[in-house]
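J.: Sequence and computational prediction follow.
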Amino acid sequence: MPILPTVAAGSMHGAVVPIAYAANNGSSQTITFTNIPQIYQDLLLVTSIRSSTSATTDSILVQFNSTTSIYSDTDLYGNGSSASSSRGSNTYGMFAGYCAANTATSSIFGSHQTHILDYANTSAYKTTINRASADLNGSGYSVLTAGLARTTSAITTVTVFPASANMIIGSTATLYGVRTVNQ
Amino acid sequence: MSMYPIASAQGNGSGAIYFNNIPQNFTHLQVRIFGRGGTASTGSNIYTNWGGSGSATTFSDHILNGNGSTASSSANTGLSYIFGGTMFPAASSTANIMGVCIIDILDYTNTNKYKTIKMLGGNDQNGSGQVILASGLIQYSGAITTGYVDTEGSFTTSTTVQLYGITTA
């Protein structure tokens, strides 16, 4: 998706500046933000996604710079009755939680945020904090994850997608830049 | 609601990172840390303290933690800081890996109530690591004007810390 042409860090905004917004038309699996400006301290990705896979939930994955298999994650789950933790390593995309999917009650979408700190840093790997919730009125998850992308490259492209199938129409993603002092 | 940058700091490897004379014209504060500890270990904890002039405060916390295999919870009372768990990698971790901690301090200028903070963060080290949600209580009803964040062995020079003010209108 193209970057909104009129958005620039400036005094008219607070620290959180909208960079780009996209709504999925239901015919593709991914939303991708390219040519991300390198003028902010952090990025914040916010999504509302429902997957078309034949299940009640689907995993939300995030990729940077269209790169695969450099990701790992440490996860904390609550499923309404117990809490648990798990880990993923060398994954195709960074696991960021769960969204609702095709056999869940219609109109339910998952809610998710990924904080990408120091995204333009070229000396450090990228660590993210991800929060996702998919309450299905009697089932569902709340998920908190720490994600690692083993790359020192500045992040110029962010892709978000359900792991198993296309998004359903109505799915949206918004990318924000977070300014710090003198940005 | 809008968020505005107040201050930016970098780890120095030799002490806590302090914020003094915090402006009183916001409703909430947020601290965003991209950090790594200097201690000879693969993990380093977050310690944070917020208060005001002449404040005699005690701190307590509750921590919900996932370490990749087990979810657990713990709590502390009677501390001189808020302990948030192992949010950061440290000197024995793989190079280039950093941790994240985002701290929200609500109603920090309110002079009629104690302050409750929320900490969200963690680190993944491709086979180890932790993810944490923590709450902290500051038994101080004055306005918060100073604070610090710290970790074992101090934050490395690759650490960045940002302080933001959040308005409600």
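T.: Sure, I can see it. What you are looking at is a predicted structure, and each value in this text was computed from that prediction instead of being measured.
J.: surely B:Thr167 meets B:Leu29?
T.: No. Assessed by CB atoms under 8 Å, B:Thr167 is found out of contact with B:Leu29, at 11.2 Å. For every residue, glycine as well, the C-beta is placed using N, CA and C.
J.: Neighbour count for these two, which is higher?
T.: Per other CB atoms under 10 Å in any protein chain shown, whichever of B:Thr167 and B:Leu29 has more neighbours is B:Leu29, with 26 against 13.
J.: Where does that one fall, secondary structure wise?
T.: B:Leu29 is part of strand B:28-35, with elements assigned from DSSP states H and E.
J.: Restrict that strand to CA atoms and write it as PDB.
T.: The C-alpha trace of strand B:28-35 is given here as PDB (Å, rounded to 0.1, in the frame of the first residue of the first chain):
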ATOM      1  CA  HIS B  28      -0.500  10.500  31.500                       C
ATOM      2  CA  LEU B  29       3.100   9.600  30.900                       C
ATOM      3  CA  GLN B  30       4.600   6.800  28.700                       C
ATOM      4  CA  VAL B  31       8.100   5.600  28.700                       C
ATOM      5  CA  ARG B  32       9.400   3.500  25.800                       C
ATOM      6  CA  ILE B  33      12.600   1.600  26.300                       C
ATOM      7  CA  PHE B  34      14.600  -0.300  23.600                       C
ATOM      8  CA  GLY B  35      17.200  -1.700  25.900                       C
END
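J.: all strands for chain A, in order.
T.: Here chain A has its strands, by DSSP state E, at A:16-23, A:31-33, A:42-49, A:57-64, A:71-78, A:83-91, A:94-100, A:110-117, A:126-135, A:140-149, A:158-162, A:172-178.
J.: Quick check: closest non-adjacent residue to A:Tyr21.
T.: Using CB to CB, 6 or more residues apart in numbering or on different chains and skipping residues adjacent in sequence, the residue nearest A:Tyr21 is A:Thr174, 4.8 Å away.
J.: what residue ranges in chain B score low on pLDDT?
T.: Applying pLDDT under 70 to chain B picks out residues B:54-56.
J.: ok, now with 50
T.: Counting by pLDDT under 50, chain B contains no low-confidence range.
J.: Please enumerate the strands of it.
T.: Taking DSSP E as the test, the strands found in chain B are B:2-10, B:17-19, B:28-35, B:47-51, B:59-66, B:71-79, B:82-83, B:99-105, B:115-124, B:129-138, B:146-150, B:160-167.
J.: Please convert those to TSV, extending it with distance to A:Pro18.
T.: What follows is the strands of chain B, written out as TSV (distance: least, CB to CB, whole Å):
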stretch	distance to A:Pro18
strand B:2-10	12
strand B:17-19	27
strand B:28-35	18
strand B:47-51	30
strand B:59-66	31
strand B:71-79	35
strand B:82-83	32
strand B:99-105	19
strand B:115-124	22
strand B:129-138	27
strand B:146-150	28
strand B:160-167	17
